[in-house]
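Dropping a prediction and its sequence here:
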There are 2 protein chains.
Amino acid sequence: MAQDPLIVFTPSGRRGRFAAGTPVLQAARSLGVDIDSVCGGRGLCGRCQVRPSIGEFSKHGIVSRTKNLSGTNETEARYDAKRGLRADQRLSCQTQILGDLVIDVPRESQVHKQVVRKRAEVRAIELDPAIRLHYIVVEQPDMHNPSGDLERVMKALREQWEMEGLECDLRVLQTLQKVLREGKWKITVAVHRGQVLTTAWPGFHNRAYGVAVDVGSTTIAAHLCKLATGEIVASAGLMNPQIRFGEDLMSRVSYVMMNPGGEVELTAVVREAIDTLFQEVAKEAGIGKNDILNVTFVGNPIMHHLLLGIDPTELGVAPFALAANSGMTFWASEIELSEVNSGARVYVLPCIAGHVGADTAGVILSESPHLSEEMVLVVDVGTNAEIVLGNKDRLLACSSPTGPAFEGAQISCGQRAAPGAIERVRIDPETLEPRFKVIGSDLWSNEDGFEEETKATGVTGVCGSGIIEVLAEMFLTGIIMADGTIDGAMASRTPRVQADGRTFSYLLHAGEPELRIQQNDVRAIQLAKGALYAGARLLMDRLEIETLDRIVLAGAFGSHIDTKYAMVLGMIPDCDLSKVSSAGNAAGTGAIIALLNQRARDEIAQVIRKVEKIETAVEPRFQEHFIAAMGLPNTTEAFPHLAKAVTLPTPKERSEGAPGTGRRRRRNRS
Amino acid sequence: MAQDPLIVFTPSGRRGRFAAGTPVLQAARSLGVDIDSVCGGRGLCGRCQVRPSIGEFSKHGIVSRTKNLSGTNETEARYDAKRGLRADQRLSCQTQILGDLVIDVPRESQVHKQVVRKRAEVRAIELDPAIRLHYIVVEQPDMHNPSGDLERVMKALREQWEMEGLECDLRVLQTLQKVLREGKWKITVAVHRGQVLTTAWPGFHNRAYGVAVDVGSTTIAAHLCKLATGEIVASAGLMNPQIRFGEDLMSRVSYVMMNPGGEVELTAVVREAIDTLFQEVAKEAGIGKNDILNVTFVGNPIMHHLLLGIDPTELGVAPFALAANSGMTFWASEIELSEVNSGARVYVLPCIAGHVGADTAGVILSESPHLSEEMVLVVDVGTNAEIVLGNKDRLLACSSPTGPAFEGAQISCGQRAAPGAIERVRIDPETLEPRFKVIGSDLWSNEDGFEEETKATGVTGVCGSGIIEVLAEMFLTGIIMADGTIDGAMASRTPRVQADGRTFSYLLHAGEPELRIQQNDVRAIQLAKGALYAGARLLMDRLEIETLDRIVLAGAFGSHIDTKYAMVLGMIPDCDLSKVSSAGNAAGTGAIIALLNQRARDEIAQVIRKVEKIETAVEPRFQEHFIAAMGLPNTTEAFPHLAKAVTLPTPKERSEGAPGTGRRRRRNRS
């Protein structure tokens, strides 16, 4: 007797023999080959397409002549006519094995396909959303053998999808009978984490979306993702309307403390804003709100609590106790979000500690320091800096009170990143003349056409990355000394350095407004970068390490600054510059990962439990590091990697007669 | 070395040796002795009281002199001063073992105590409510080791109560921080089914109540139970306000069919009525709505669906498909009930089939035919009759369309059971003169003082049980013949029998109004009882049995009729009269059982899966039985038990010349 045909699936390499006539999808399933399907093998969804890679295949004829595969049947032809089928691809549910075959399962047809990210250094996201759709054909009721419509739906899920022990939302049950009859006993259901039936549509339904939301203190950003492919189909952002209750987090907590019940207002406005974002992304993608089935959130602890309707007062006072530090799942309706499917589930990433929030949990998911062989420092710079340090063996986290100087606040000529803001600066080491770029133009200020290009916006101020660069350049050119003092002696070399009361300043731009770097601006950045550096050092102390393999700068700020200048200013510890990278909005990426991969939620829960949480406020060494980190890096020994990248200024004595700063220096020493 | 003291606990008989100084509660726990506690051994709740039964014990002195038990400590003295302690009882958590002891655990101190029911023939309810309270002492937050307040609550539950893997409602989390601080880190939590934290109170809280609700088409009844003891502390009932949309079930379904969206109104009014009942029972018991933590519901399929917000249209047309036939648990808020704790859970018993509802599931829980060795028939008589037949091996259920005649509707002189309604009737076999009792008086109508006692109410009509009795007596005295015809020949013996057009009638009461039993009244009851009997016979056929060991009549009607007369009329199959009993509102009792014992919910789920559901509408034999059952039982051979209890009338030919019924009889035969 001849043997059954042998089938080899690629890329998995799984193989087996199957009786002639076996559908390819069935063979794949029995071998555990990862092939997607929503319709359960009924030729409706097109998710199970495969590429038979032996012989010469074409859907119209040649295939059947090879005799190793069945020809196109009616169902497949209908699908092809309606939705189009590539010439080299077949619906595996409709195609039968007739002889030996090698069958390739393209990426798009895999359930757990990889969603590749733009940055090469980060791991791809394995698609495994918490919500999946299942098309089922349900038995009709039978008076001779009465059973509930729901129970027959469950039976169909068991028999057609091998899903057992499901529950069903009451909301679904309330309309289930109509849905079943409208769909003529064929319906599609959404199942959350293989456990609960959260929605039901009549007939075949193929649209499932989720939104990942990053609730920042300043802005709220939402990304609408197609759950079947991981594709981001729309994004939107808006200012956090809580700003009218207080610019920064602590002033919002103060508002709540001063106005009992104020947290209710703060909660209401942020939820309203999120609903608005949902409307925007749905409109942009041309979908209805009922197709949004899952939402994930990241945010700092105060945003997290306010979103959930928890009074954030405890986060404003020691010991900064979180209400909870676990990830949580509930209905969107429980937090009064209505611009989503009424059965939509929300997952909120876990907060880590009183000052280290779900945003940091998102950063960890995105950057995976817990899987790294290398010792990696991840810094998320915002109003506070969240710092994570470690590798696969051990992970530490803390928050450092940098204040908003990096965002341009507390800087005399500072402003938010917007057209007209200076973002790049170079200072000529000989003439001490600056040149710069402003947001909205690609030209340097000393290039032809700059005036023309910036006429509309003007030169309005200096944004965060511009501040970092101008200060670093001032240090590298000797205008600022290692202790942060603007060197009055330089006034003899350039009129841009001028006495300004008891201190000196540097004229960056003479226009209207005049942009001048003052001594207090340097001090503000010194305080901020000192705090950031001290936090990192504190964690390095805990791990008893002196060097880092890799540094990741996360957050909007981190993605705009030149990492070299950050290191020149001593914001971050010394490290090979080629190993310092920007991650962009890693917190938001973490929310997307948790949306697209349900196991990431379990993963982050485990990581959070293991993370060692350091509270800088109670660490005596933090103050020591902070004071020590106020100065700028100027020794080749302490900053070997930096010294390779730039020429550090020769240490020099502060010139005599420079007014004002002497006392301050003495005070620092006392 | 002397052996450790030996302790024997009664009634369990468990025994063990424990080091001197061991608290009695701890010893009990380590032996698996069932002792209750809410406060976790802190001397607050008083639930763990025991009765040391050796030596001469008294709480003030003698105990300590026996040296076998420690004396009263401060905590116990405080409890005694505040809440009182029986002289022979001790708090087991505060009392230490010093020598050999026999310790009795009184019923009140057992977690799984038996709640004994009034009726001897039914099993006691083992107390095991779905909601339990746990007092915990929670660690305070520590900046050096940050963790969420919720996670420390979970830790306390793990360490102090061995409860693992709990979840927490978002609603609880929203106020948890305030509750913890108000309670100075001592709180009491309510836990649902050992799985979810549903409420938290600051400090020690000892009040947990539940409500069992029977949603009938005519009346809604609610029983408030103390979950710790099983005691019913308040009951209330009111008319189902849906009556204004239709007197009976089918007219309400018609209302929905004719008025799209009408189900929303019907749902709203029934939920409103239930909230009113919650207010009433809470007020009666003097508790707040926040102490109501659990609610259970029974009701027929249409009431069940409307309560849950499910359109009942499908139940009005074949194949009478239920939306679901499983028990369901959700938040009270999901069905918009607000007069309970905001975290209260609702459990709705499962419906069985399109015409056999959660009320029948309640009847099964109450009467336990599925545990019976005997073959038992349970009949719940209302507008429809639900019939359950079987024993521990096999259980069958059906619904029979009796119509409302048993409730006094469709009867010319019928009325609801209310003061003034005739409920008992006797007819003298010689004189054919009736005597009767009316609701509100204990006197027979021929006794002295009857006129006086009934002056206020008058004699206004005949209620369901009165109809049964008067018809049965008319049959036993020969006024009605076996085929149901009022015998015109009797007019010669008594003026009470009169021609009434083409048929005859019997004058029951000559007052104002005149109460007269007409031929159509007999026919209406014949139809109803025929349907009931046919349903029972149908199930007996299926089981291939001819005799029953026991019959239970459930429902308000069943509890008022004299079972003998029910059998005389042939409502129920022949059975030893001493084995026919009334169960009262067994459906409501089932709701109470599900409230007090969580495992009853799992039990009924299993039973429901096994029950064989018979749809009378599609059973050809039902019609046969129905026609055969129209006559009245008059052969000693077919009704041996009945024949022992009463003297059945001698079969006689219908007297010639009796008008009107001849055609009908012929039609029945055709």
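Received the coordinates, thanks.

spatially speaking, which residue is in the middle of chain A?
residue A:589 (1.9 Å; CA atoms, centre = their mean).

Verify the stated contact: residue A:280 with residue A:236.
Yes: under the criterion of CB atoms under 8 Å, residue A:280 makes contact with residue A:236 at 4.1 Å. Quick note: C-beta positions are derived from backbone N, CA and C, even for glycine.

what residues are shared contacts of those two?
Taking CB atoms under 8 Å, 6 or more residues apart in numbering or on different chains as the contact criterion, the common neighbours of residue A:280 and residue A:236 are residue A:222.

How about the residue nearest to the centre of chain A, nearest residue that isn't a chain neighbour?
Beyond its immediate neighbours in the sequence, the residue positioned closest to residue A:589 (CB to CB, 6 or more residues apart in numbering or on different chains) is residue A:366, lying 4.0 Å away.

Which elements pack onto the host helix or strand of the residue nearest to the centre of chain A?
Here residue A:589 sits within helix A:586-596, counting by DSSP states H and E. Based on contacts counted as 3 or more CB pairs under 8 Å, 6 or more residues apart in numbering or on different chains; DSSP states H and E, the elements that helix A:586-596 packs against are strand A:125-126, strand A:209-215, strand A:219-226, strand A:292-299, helix A:358-367, strand A:376-381, strand A:550-554, helix A:598-610.

pull the CA atoms of the last one into CSV?
Written as CSV, here are the backbone C-alpha positions of helix A:598-610 (Å, rounded to 0.1, in the frame of the first residue of the first chain):
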residue,chain,number,x,y,z
GLN,A,598,-1.5,39.6,26.2
ARG,A,599,1.4,37.6,27.6
ALA,A,600,3.3,40.9,27.9
ARG,A,601,0.8,41.7,30.7
ASP,A,602,1.8,38.7,32.6
GLU,A,603,5.4,39.3,31.8
ILE,A,604,5.4,42.9,33.2
ALA,A,605,3.5,41.7,36.3
GLN,A,606,6.4,39.3,37.0
VAL,A,607,9.0,41.9,36.3
ILE,A,608,7.3,44.5,38.5
ARG,A,609,7.3,42.0,41.4
LYS,A,610,11.0,41.5,41.1
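
what mean pLDDT does that helix have?
Here helix A:598-610 scores 96 as its mean pLDDT.

distance between the next helix-or-strand element following it and the chain's centre?
Reading on from helix A:598-610 to the C-terminus, the next helix or strand found by DSSP H and E is strand A:612-614. A distance of 22 Å separates the C-alpha centroid of strand A:612-614 from that of its chain, computed with CA atoms, centre = their mean, to the nearest Å.

does chain B sit close to strand A:612-614?
Yes: shown here: strand A:612-614 in contact with chain B (CB under 8 Å from any CB of the partner chain) through residue A:613.

Which SSE is immediately downstream of that strand?
Reading on from strand A:612-614 to the C-terminus, the next helix or strand found by DSSP H and E is helix A:620-628.

Can you lay out the helices and strands packed on helix A:586-596 as a markdown table showing mean neighbour count?
Compiled in a markdown table, the helices and strands packed on helix A:586-596 are given as follows (neighbours: other CB atoms under 10 Å in any protein chain shown):
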| stretch | mean neighbour count |
| --- | --- |
| strand A:125-126 | 20 |
| strand A:209-215 | 28 |
| strand A:219-226 | 23 |
| strand A:292-299 | 29 |
| helix A:358-367 | 30 |
| strand A:376-381 | 26 |
| strand A:550-554 | 25 |
| helix A:598-610 | 17 |
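
Same list, the ones you listed, but as CSV with distance to residue A:630 please.
Rendered in CSV, the data for those read as follows (distance: least, CB to CB, whole Å):
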stretch, distance to residue A:630
strand A:125-126, 41
strand A:209-215, 32
strand A:219-226, 31
strand A:292-299, 31
helix A:358-367, 26
strand A:376-381, 18
strand A:550-554, 21
helix A:598-610, 33
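
mind checking which of those is nearest residue B:322?
Smallest distance to residue B:322 across those (CB to CB): 26.9 Å, for strand A:292-299.

what about dumping the CA coordinates of that closest one to CSV?
Once non-C-alpha atoms are left out, strand A:292-299 reads as follows in CSV (Å, rounded to 0.1, in the frame of the first residue of the first chain):
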residue,chain,number,x,y,z
ILE,A,292,-12.7,49.2,19.5
LEU,A,293,-12.6,46.2,21.8
ASN,A,294,-9.6,46.7,23.9
VAL,A,295,-7.7,49.6,25.5
THR,A,296,-4.4,49.8,27.3
PHE,A,297,-3.1,52.6,29.4
VAL,A,298,0.2,53.8,30.7
GLY,A,299,0.7,56.9,32.8
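
and it with strand A:219-226, angle?
With axes from the mean of the first three to the mean of the last three CA atoms, to 10 degrees applied, the angle from strand A:292-299 to strand A:219-226 works out at 150 degrees.

Counting by contacts, list what strand A:292-299 packs against.
When contacts are defined as 3+ CB pairs under 8 Å, 6+ apart, strand A:292-299 packs onto strand A:209-215, helix A:301-308, strand A:345-348, helix A:358-367, helix A:586-596.

Report the strands that pair with that strand, each with its relative direction.
Strands flanking strand A:292-299 in the sheet, each with its direction: strand A:209-215 (parallel), strand A:345-348 (parallel) (DSSP bridges).

Kindly reformat these as CSV containing distance to residue A:394.
Shown next, in CSV, are these (distance: least, CB to CB, whole Å):
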stretch, distance to residue A:394
strand A:209-215, 27
strand A:345-348, 26
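
Including mean pLDDT, could these go into CSV?
Listed next are those as CSV, based on pLDDT from 0 to 100:
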stretch, mean pLDDT
strand A:209-215, 98
strand A:345-348, 98
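
Quick check: next helix or strand after the helix or strand that contains residue A:451?
Under the criterion DSSP H and E, the helix or strand holding residue A:451 is helix A:450-453. Where DSSP H and E defines the elements, the next helix or strand beyond helix A:450-453 is strand A:461-462.

how about the residue of the stretch 451-600 of chain A found nearest chain B, what does it touch?
The shortest separation between the stretch 451-600 of chain A and chain B is 12.7 Å, found at residue A:542 (distances taken as CB to the nearest CB). Residue A:542 is in contact with A:396, A:612, A:614, counting by CB under 8 Å, 6+ apart.

Just want to check the distance between the last one and residue A:621.
Read it as residue A:614. The span separating residue A:614 from residue A:621 equals 10 Å under the rule CB to CB, to the nearest Å.

What residues does the stretch 251-400 of chain A have near chain B?
In this structure, the stretch 251-400 of chain A approaches chain B at residues A:308-311, A:313-314, A:318-326, A:328, A:330, A:334-335, A:351-354, judged by CB under 8 Å from any CB.

please redo it, this time with the cut-off set to 6 Å
Taking CB under 6 Å from any CB of the partner chain as the contact definition, the stretch 251-400 of chain A meets chain B at A:309-310, A:314, A:319, A:321-325, A:330, A:334, A:353-354.
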